[in-house]
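> pasting the sequence and the predicted coordinates here, then a few questions.
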Amino acid sequence: MTLSCAIVSVFLPPVARAQTPDAPVELASVSLPDAPAPQSGSSSASQPSQADRNPSSKTPDSYAGQQPKRILGLMPNYRAVSAGTIPPPPTPKQAFKIATQNSFDYSSFVFVGLTSLLAEGSDAHKQLGKGVSGFGRYYWRGFVDKTDGNYWVIFALPTVMHEDERYYARGSGKIWKRALYSSTRVLITPDYHGHNTINGAELLGRGIAQGISTTYYPSSDRTAGALAAKYGYAILRDAATNTFREFWPDIAVHVLHRHP
C-alpha cells in the first residue's frame, strides 16, 4: 500500500475540493498544475466577464479545458469536469444519475449496435450464431455489459469507497503530460477529500462486471484468457475515452473551428 501511494503521488498532485458552508472539506496541499481553481472571493467569480456576456467575443483560448455535456451532439460527456472547476464530492444520487445517463442515453443504443455488428461480423462468439438472430444475441449481451459496468464503476463502488469517478480535465500544459494524466485516471482518482488514491472503483468494478458476464456468455468465453482480454479491453477503452475528453476542446476549436 505504501508503494502504491508513492506511485500515486508521483503521477499527479491531489485535486482540491471546494469548501461548502455546511461542512468544511480538507483541502489538498498541492493544487492541480496548470489548472488553478477559481477564487471564490474575487469579483470575477460574482460578475460575468465581457466574454461570458457576449460568447462571440471569446478567443479560442477561452474554451481551453471547457467540457461540454455532449461531444459532437452524440457522445455523452456527463462525467467530465471543466478545467479549473472544483465541485463538491458527488452525492449517491448524483452518481446514480450519471451512471443512468451513460447507460440509457440514446447514443448508448447506437454504440452497442455498432460494436455488436462488428462482433457478429467477425464471429467473435461463434456459439451466438450469425444473421439477425445472432446480432440480437450479441446486442443484448453487449448492452448488459455496458450498463452493468457503468453502475458498478460510476455509482455503487464509488459510493462505498468514497471515490470521485468524474474526469477532471487539465486543459493546458504539455501534450505528453496531459496524455499521461488523462490515460492514467483509470488507475488514479480523487477521493471525497480531494486526495489522489488508487482507482479501486474502476479496477474492481470492471472485474466484477466481467465476472457477472460469465453467467450469460457461452462456455467457450468463460476461460481465464477470454475474461482477461475483455477486462483489459474495458480498462483501455475507459483510458482512451478520458484522453479523448481531455483533448476534445482543442480539437473542436483548433481543428474543427467550432465551440466545444
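Thanks, I have it. Being a predicted model, the structure only gives us computed values, none of them experimental.

> all helices of the protein, in order?
Taking DSSP state H, the helices of the chain run over residues 2-11, 43-46, 50-53, 92-104, 106-121, 131-150, 157-161, 175-183, 200-213, 224-250.

> got the angle for the fourth one vs helix 106-121?
Helix 92-104 runs at 50 degrees relative to helix 106-121, counting by axes from the mean of the first three to the mean of the last three C-alpha atoms, to 10 degrees.

> flag every buried residue along helix 92-104.
95-96, 98-103 (16 or more other C-beta atoms under 10 Å). To be clear about C-beta, it is placed using only N, CA and C from the backbone, and glycine gets the same treatment.

> who does that helix touch, helix- and strand-wise?
helix 131-150, helix 157-161 (3 or more C-beta pairs under 8 Å, 6 or more residues apart in numbering; DSSP states H and E).

> any idea which of those is most buried?
Each of the helices and strands packed on helix 92-104 was scored by mean neighbour count; the highest is helix 157-161, a mean of 19, by mean count of other C-beta atoms under 10 Å.

> just how off-centre is that one within its chain?
Its chain's C-alpha centre and that of helix 157-161 lie 15 Å apart, by C-alpha atoms, centre = their mean, to the nearest Å.

> for stretch 206-217, same thing?
That offset, for stretch 206-217, works out to 21 Å (C-alpha atoms, centre = their mean).

> what's next to that stretch, contact-wise?
125, 141, 144-145, 148-149, 152-153, 221-222, 227, 230-231, 234-235, 238 (C-beta atoms under 8 Å, 6 or more residues apart in numbering).

> which among these gets closest to residue 134?
Nearest to residue 134 among the contacts of stretch 206-217 is residue 125, at 8.9 Å by C-beta to C-beta.

> so the residue lying closest to residue 95 once chain neighbours are set aside versus residue 213, what's the distance?
Nearest non-adjacent residue to residue 95, counting by C-beta to C-beta, 6 or more residues apart in numbering: residue 155, 4.5 Å away. Distance of residue 155 to residue 213, computed by C-beta to C-beta, to the nearest Å: 18 Å.

> then residue 201?
18 Å.

> compare those two and say which is more crowded by neighbours.
Neighbours per residue, other C-beta atoms under 10 Å: of residue 201 and residue 213, the larger number sits with residue 201, 25 against 20.

> might one say that the more buried one is in contact with residue 188?
No - assessed by C-beta atoms under 8 Å, residue 201 is found out of contact with residue 188, at 11.7 Å.

> nearest to residue 250 among the helices and strands packed on helix 92-104 would be which one?
Here helix 131-150 is closest among the helices and strands packed on helix 92-104 (C-beta to C-beta), at 26.8 Å.

> what comes into contact with the closest one?
Residues contacting helix 131-150 (C-beta under 8 Å, 6+ apart): 99, 102-104, 108-109, 111-113, 115-117, 119-120, 124-125, 128-129, 205-206, 209, 212-213, 216-217, 234.

> can you select the buried ones from the residues you listed in PyMOL?
Applying 16+ other C-beta under 10 Å to those leaves a buried subset, and the PyMOL line that selects it is:
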select buried, resi 99+102+103+108+111+112+115+116+119+120+125+128+205+206+209+213+217+234
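
> OK, contacts around the spatially closest residue to residue 244 that is not a sequence neighbour?
Spatial nearest neighbour of residue 244, excluding adjacent residues (C-beta to C-beta, 6+ apart): residue 71 at 7.9 Å. By C-beta under 8 Å, 6+ apart, the contact list for residue 71 reads 77, 244-245, 248, 260.

> out of those, who's nearest residue 184?
Of the contacts of residue 71, the one sitting nearest to residue 184 (C-beta to C-beta) turns out to be residue 245, at 13.6 Å.

> grab the nearest non-local neighbour of that closest one.
Per C-beta to C-beta, 6+ apart, closest to residue 245 is residue 80, 5.0 Å.

> that neighbour contacts residue 67, doesn't it?
Yes - if you go by C-beta under 8 Å, residue 80 and residue 67 touch, sitting 3.8 Å apart.

> joint contacts of these two?
Common contacts of residue 80 and residue 67 (C-beta under 8 Å, 6+ apart): 167, 169, 245.
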